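Colleague: Model the structure of this input:
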Amino acid sequence: MRIATPLLDWYDRTRRDLPWRRDPSPYKTLVSELMLQQTTVATVIPYFERFLARFPTLASLGAANEEEVTALWSGLGYYARARNLRRAAAAALAEHGGALPRTEAALGGLPGLGPYTAAAVAAIAFGARTFALDGNGARVMARLGGVAESIDLPATRVRLRAAGTRQVPRARPGDFTQAVMELGATVCTPRAPRCGDCPLRAACAAFAAGKVDEIPRRSRKPARPVVRVASACLTDGARVLLVKRAEGLLAGTWALPEAAVASGSPRAVARRLALAAGARPAKVEHRGAVRHVFTHRDVTAEVFRIEVARAGRAGAGRRWVSVSALAELGVSTFTRKTVALGLSPKRDNARLRS
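Modeller: Presented below is the predicted three-dimensional model:
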């Protein structure tokens with residue numbers, strides 16, 4: 001069964017009013033697609049609107065520095081996306097005459113853009129007859145085809161994308177890709193899908209077999225390693241010391257100095273961090289702990305407020321900043337919580353989860 005006609009009819013009736021769908025442009029599509037990876041629509045909307053207000057064009061984004069872009073991304077997570085977006089914009093300006101290239105292959109050649117983003121922008125912004133397979137799309141195609149294999153396997157995702165590509169109509173290929181995503185996000189959901197509202201129910205092998213709750217299958221993920229760190233909130237009374245992370249999911253963001261606590265005293269680790277920063281600790285006080293479950297690890301930070309008699313020097317990758325200046329830097333939600341706990345007026349031994 002060809003699914004494009006009933007799916008697009010449904011999409012035209014029910015699609016959500018989203019800011020990147022109003023007065024659409026290739027640039028808006030690029031920004032929204034990167035923001036929406038691993039993040040819900042409700043979370044993305046205010047970030048998207050602030051981002052477009054600050055960087056309304058590809059040229060304005062390409063001319064920005066990484067610090068400006070990361071600051072606007074603060075709290076959205078997966079900060080490599082912000083760096084990749086800026087790099088892609090700069091490369092498009094330099095190599096493609098100041099505009100995004102129109103083909104999937106050329107888009108995939110921009111730094112930081114993977115196969116999914118290249119296909120999504122090519123289809124949605126330029127009408128290329130291609131199919132972008134995201135998590136929602138993989139679930140929809142797996143249920144339609146009754147695919148029993150794990151959708152986490154590369155071979156299965158190749159199969160699902162091929163199945164979607166065969167269904168792409170010559171007209172409105174971008175709307176087709178968006179409609180599949182929309183169906184997965186609003187009807188064909190991971191749990192308790194609303195099959196009664198699905199325009200493709202008659203074509204769904206999982207529904208016919210009574211296996212909607214069993215499909216798609218996911219591979220079992222290994223347990224996240226549990227990590228304990230000491231975070232040093234160094235303050236001279238008016239400012240706090242932040243360091244720029246050089247690697248990992250939070251690379252490019254600013255954070256309190258921290259180090260893993262394999263054994264021994266977290267307080268001793270925090271004191272060593274202060275000395276390594278060139279500060280002379282006058283008072284070291286444990287303020288409590290912040291727990292954050294990242295994608296690949298479960299982190300508990302023991303936070304120490306360290307009052308310093310003499311602040312160390314600032315330099316590359318190290319800044320003394322006031323709390324009010326945090327908004328000007330790329331700072332993760334995790335870091336905001338550790339800073340807030342470290343600077344709180346009273347000792348708080350409660351363990352915070354973020």
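Colleague: just checking, what packs against the helix ranked longest in the chain?
Modeller: Identified as the longest helix of the chain according to DSSP state H is helix 80-95. Judged by 3 or more Cβ pairs under 8 Å, 6 or more residues apart in numbering; DSSP states H and E, helix 80-95 is in contact with helix 26-36, helix 58-62, helix 66-73. All C-beta atoms are positioned from the backbone trio N, CA, C, and that covers glycine.
Colleague: Residues touching the longest one, excluding its own?
Modeller: It stands for helix 26-36. Helix 26-36 is contacted from outside by 18-20, 44, 47-48, 51-52, 57-58, 61, 76, 81, 84-85, 88-89, 99-100, 117, 120-121, 124-126, using Cβ atoms under 8 Å, 6 or more residues apart in numbering.
Colleague: Quick check: mean pLDDT of it?
Modeller: Helix 26-36 shows a mean pLDDT of 96.
Colleague: what angle separates that helix from helix 80-95?
Modeller: 160 degrees (axes from the mean of the first three to the mean of the last three Cα atoms, to 10 degrees).
Colleague: Give me the next element, helix or strand, following helix 26-36.
Modeller: helix 41-54 (DSSP states H and E).
Colleague: what's near enough to touch the residue nearest to Arg170 when sequence neighbours are not counted?
Modeller: Distances taken as Cβ to Cβ, 6 or more residues apart in numbering place Arg129 nearest to Arg170, at 6.4 Å, with adjacent residues excluded. Shown in contact with Arg129 (Cβ under 8 Å, 6+ apart): 123, 168, 170, 173.
Colleague: With respect to pLDDT, which of those residues ranks lowest?
Modeller: Among the contacts of Arg129, Arg170 carries the lowest pLDDT, at 93.
Colleague: Report the buried members of the contacts of helix 26-36.
Modeller: Taking 16 or more other Cβ atoms under 10 Å as the criterion, what is buried in the contacts of helix 26-36 is 18, 20, 44, 47-48, 51-52, 58, 61, 76, 81, 84-85, 88-89, 100, 117, 120-121, 124-126.
Colleague: Strands of the chain, residue ranges please.
Modeller: 226-235, 240-244, 254-255, 258-260, 280-293, 298-310, 318-321, 351-353 (DSSP state E).
Colleague: Need the winner for burial among these.
Modeller: strand 254-255 (a mean of 24; mean count of other Cβ atoms under 10 Å).
Colleague: Pull the distance from it to the chain's centre.
Modeller: Centroid separation between strand 254-255 and its chain, computed with Cα atoms, centre = their mean, to the nearest Å, is 17 Å.
Colleague: Quick one: residues in contact with that strand.
Modeller: With Cβ under 8 Å, 6+ apart, strand 254-255 has contacts from 231, 242-245, 319, 321, 329-332, 334-335, 338.
Colleague: wait, which of those residues is closest to Leu160?
Modeller: Distance to Leu160, by Cβ to Cβ, is smallest for Ser332 among those, at 32.7 Å.
Colleague: Any regions of the stretch 251-354 of the chain where pLDDT drops low?
Modeller: By pLDDT under 70, the weakly predicted segments of the stretch 251-354 of the chain are 310-315, 346-354.
Colleague: if we go to 90?
Modeller: 251-255, 258-260, 262-265, 267, 271-284, 292-299, 307-336, 343-354 (pLDDT under 90).
Colleague: now the end-to-end length of stretch 132-151.
Modeller: 15 Å (Cα to Cα, to the nearest Å).
Colleague: Name the residues of that stretch that come out as buried.
Modeller: 132-145, 147, 149, 151.
Colleague: again with stretch 1-8
Modeller: 3-4, 6-8.
Colleague: pLDDT of stretch 39-50, averaged?
Modeller: 94.
Colleague: who's in contact with Met141?
Modeller: 133, 147, 160-161, 163-164, 180.
Colleague: can you do 7 Å?
Modeller: 160, 163-164 (Cβ atoms under 7 Å, 6 or more residues apart in numbering).
Colleague: Look at it and report its pLDDT.
Modeller: Confidence score, pLDDT, at Met141: 97.
Colleague: Give me the spatial nearest neighbour of it, chain neighbours excluded.
Modeller: Nearest to Met141 is Leu160, by Cβ to Cβ, 6+ apart, at 4.3 Å.
Colleague: Report the contact partners of that neighbour.
Modeller: Residues in contact with Leu160 (Cβ under 7 Å, 6+ apart) are 133, 138, 141-142, 147, 151.
Colleague: Farthest pair within the residues you listed?
Modeller: Leu133 and Val147 (12.4 Å).
Colleague: Just the closest of the contacts of Met141 to Ala309, please.
Modeller: Leu160 (61.2 Å).
Colleague: and the gap between the closest one and Glu68?
Modeller: Per Cβ to Cβ, to the nearest Å, Leu160 is found 38 Å from Glu68.
Colleague: ok so, going back, please tabulate the helices and strands packed on helix 80-95 in CSV, including the columns distance to Ala260.
Modeller: Converted to CSV, the helices and strands packed on helix 80-95 look like this (distance: least, Cβ to Cβ, whole Å):
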stretch, distance to Ala260
helix 26-36, 31
helix 58-62, 36
helix 66-73, 24
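Colleague: among the ones you listed, which is nearest Arg280?
Modeller: Of the helices and strands packed on helix 80-95, nearest to Arg280 by Cβ to Cβ is helix 66-73, at 28.9 Å.
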